[in-house]
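**Student:** no sequence for this one, just the structure:
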């Protein structure tokens, strides 16, 4: 059975999650690639960038158990949607904030968004697939994540210089604009 045929055989929710996985991966990989460079362009140093990464990771870890508890009362699809909403808020805030407190606060929001997306994703995929197609769905979902990440990295690597030339932006402005484009994709 071809991959295209397999994808067509998935439930509508499973196909939707594959599309959302693609765009989330595209945007988040581009964002991840450039955000540290953006912080450097704002004058922050490695110690602060490490703090931002730690705050984000701790927030992600804390959201996992919260997502599990919420899943007892709220459908998994709504938790995933909430995660996407938090991602838009977090990434937009990170791209627009230059102040230390704002960066740290939006890092928490972004971290929470990742936990509210990644923790309920496997059970959501399991709920929206038959036992016969589950292995294919999980495998294709990982492949989509990897492909989207590669494309996001490639696009984000080229975008700041293209935007700087096309829109006559200074380096920090072109990074910020690219971060906002990546947020829109996700």
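**Tutor:** That came through, no problem. Note that the structure is a prediction, hence the values are computed from the model and not measured.

**Student:** same for the longest helix along the chain, what does it pack against?
**Tutor:** In the chain, ranked by residue count with DSSP state H as the criterion, the top helix is helix 134-167. Counting contacts by 3 or more Cβ pairs under 8 Å, 6 or more residues apart in numbering; DSSP states H and E, helix 134-167 is packed against helix 3-9, helix 12-41, helix 121-127, helix 171-185. Heads up, the C-betas are built off the backbone N, CA and C, glycines and all.

**Student:** Would you mind measuring from residue 5 to residue 152?
**Tutor:** Noted for residue 5: a distance of 27 Å to residue 152, by Cβ to Cβ, to the nearest Å.

**Student:** who has more neighbours, those two?
**Tutor:** Taking other Cβ atoms under 10 Å, residue 5 and residue 152 do not tie; residue 152 has more neighbours (25 against 8).

**Student:** residues in contact with that one?
**Tutor:** By Cβ atoms under 8 Å, 6 or more residues apart in numbering, the contact list for residue 152 reads 25, 26, 27, 28, 29, 30, 33, 182, 185.

**Student:** when you compare where the longest helix of the chain runs with where helix 12-41 runs, what's the angle?
**Tutor:** In terms of direction (axes from the mean of the first three to the mean of the last three Cα atoms, to 10 degrees), helix 134-167 departs from helix 12-41 by 40 degrees.
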